[in-house]
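Novice: fold the following for me, if possible:
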Amino acid sequence: MEINAVFEGGGVKGISLAGAVQASEEAGVTFGRVAGTSSGSIVASMIAAGYSGEEMSRIIQGTSFRSFLKRSPVFNTKLIGPALRVMLKKGLYSGEALESWIRGILQQKGIVSFRDLPPGKLSIIASDITDGRLVVLPEGLEEYGINPDYFEVAKAVRMSCSIPYFFDPVMLRRNGKAAAGKSFTEQFVYMVDGGLLSNFPMWLFEGKETGQLGAVKVPVVGYQMVGRTAPQAHRITGPFSMLQALVGTMLSAHDERYIEQEKVVRTVKIPTLGIGTVQFELTPEQSIALYDSGYRAGKEFFQKWRPDRLDKLPNINKKASSHS
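Specialist: I've put the predicted structure just below:
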């Protein structure tokens, strides 16, 4: 059974998506087109590269997400260091460690740029905060005069995962006609976390419900992380921990209204156990619990799911489109 899958963003909570993927595969599911935002883009890119849920589980659970929080020692001076880094780099951490990590993972499957994947296989959501618009990668790169085929998948994932003020934004330079008539400064745009504009882009595959061969209608299934973060998740001790709390709350809460309003039978809803979006210091026990939560949610969903009933459902994508 083939599906087109959309994976929600959720920072470290994305560990749970890997569990849901493994449960899906055990239920006989294969993935056609895949899309994701933020941590959902990590999972989507790994699926597109050919990783199984079991392989993904070993990689993700064996990764210390705290290792992504890297910056030069000069910026570690209490209060002054982080403030200086935000002023100079526009983020508390570089994001380069995350990009290097996913690049190595993809290269093991022979994937570097989007031309290494089947056309339309992978879509990644990012936010252009310079022009104030949502960008669907890779095709959206054409508007900046950039050839999508030769753009690195790892760079696109980093863009989608760049939580504002937490990780550095990714800077792109317009080329060709896109840069014509613009000053040197205006030629650059800043890309950040896609979750700012569309954290759960179920709208993305509207009109594209076909398989790889284009003959059979393929249902769209969303993988969404639900459950409110525990109130004590953010401990504010200064201006930068407050900034971290604000961004984390924004990214995890802006889709709560959507979650509460929609009763969608094509969405795998994964409880996130009160763990926060930017709670990078997870214990091994918390990581395993997140994965298990995703596995249980995926298993339960596909035990009950009947794709032949989807045509009788109301249009579920209207509210999701409003986020774009």
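Novice: what ranges do the strands span in the stretch 1-150 of the chain?
Specialist: 2-7, 30-37, 91-93, 122-128, 133-137 (DSSP state E, counting those that start in this stretch).
Novice: between the ones you listed, which one is nearest to residue 187?
Specialist: Set against residue 187 and scored by CB to CB, these come closest in strand 122-128, at 13.5 Å. Where C-beta positions appear, they are placed from N, C-alpha and C, glycine not excepted.
Novice: low pLDDT regions in the stretch 1-150 of the chain?
Specialist: 65-92 (pLDDT under 70).
Novice: not counting its neighbours along the chain, what's nearest residue 303?
Specialist: Nearest residue to residue 303, sequence neighbours excluded (CB to CB, 6 or more residues apart in numbering): residue 27, at 7.5 Å.
Novice: that neighbour contacts residue 304, doesn't it?
Specialist: No: shown here, residue 27 and residue 304 do not form a contact pair, counting by CB atoms under 8 Å, at 10.7 Å.
Novice: those two - which one has more neighbours?
Specialist: When residue 27 and residue 304 are compared for neighbours, residue 27 comes out ahead with 14 against 7, by other CB atoms under 10 Å.
Novice: backbone dihedrals for the more buried one, please?
Specialist: phi -90, psi 0 (degrees, to the nearest 10).
Novice: quick one: neighbours of the closest residue to residue 56 other than its chain neighbours, just the number.
Specialist: Excluding its sequence neighbours, the residue lying closest to residue 56 (CB to CB, 6+ apart) is residue 18, at 4.5 Å. Using other CB under 10 Å, the number of residues around residue 18 comes to 29.
Novice: what about stretch 114-130, how long is it end to end?
Specialist: Terminal residues of stretch 114-130 lie 24 Å apart, using CA to CA, to the nearest Å.
Novice: sorry, slip of the keys, the one I care about is stretch 163-173.
Specialist: First residue to last in stretch 163-173 (CA to CA) measures 20 Å.
Novice: same deal with stretch 21-31?
Specialist: Criterion CA to CA; first-to-last residue distance in stretch 21-31 is 10 Å.
Novice: mind listing what the residue nearest to residue 56 touches?
Specialist: 43, 53, 56-57, 60-61, 291, 294 (CB atoms under 8 Å, 6 or more residues apart in numbering).
Novice: at 10 Å what do you get?
Specialist: Going by CB atoms under 10 Å, 6 or more residues apart in numbering, residue 18 touches 39, 42-43, 46-47, 51, 53-61, 290-291, 294-295, 298.
Novice: among those, which ones are buried?
Specialist: The neighbour count (16 or more other CB atoms under 10 Å) marks 39, 42-43, 46-47, 51, 53, 55-57, 59-60, 290-291, 294-295, 298 as buried among the contacts of residue 18.
Novice: the inter-axis angle of the helix or strand residue 159 falls within versus strand 133-137?
Specialist: Per DSSP states H and E, residue 159 falls inside helix 153-161. With axes from the mean of the first three to the mean of the last three CA atoms, to 10 degrees defining the directions, helix 153-161 sits at 150 degrees from strand 133-137.
Novice: just the angle between helix 153-161 and strand 30-37, please?
Specialist: 50 degrees.
Novice: C-alpha coordinates for helix 153-161, PDB please?
Specialist: Coordinates of each C-alpha in helix 153-161 appear next as PDB, following Å, rounded to 0.1, in the frame of the first residue of the first chain:
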ATOM      1  CA  VAL A 153      19.500  18.200   0.300                       C
ATOM      2  CA  ALA A 154      21.300  18.600   3.600                       C
ATOM      3  CA  LYS A 155      21.400  22.400   3.100                       C
ATOM      4  CA  ALA A 156      17.600  22.400   2.500                       C
ATOM      5  CA  VAL A 157      17.100  20.400   5.700                       C
ATOM      6  CA  ARG A 158      19.200  22.800   7.600                       C
ATOM      7  CA  MET A 159      17.100  25.700   6.300                       C
ATOM      8  CA  SER A 160      13.900  24.100   7.400                       C
ATOM      9  CA  CYS A 161      15.400  23.300  10.900                       C
END
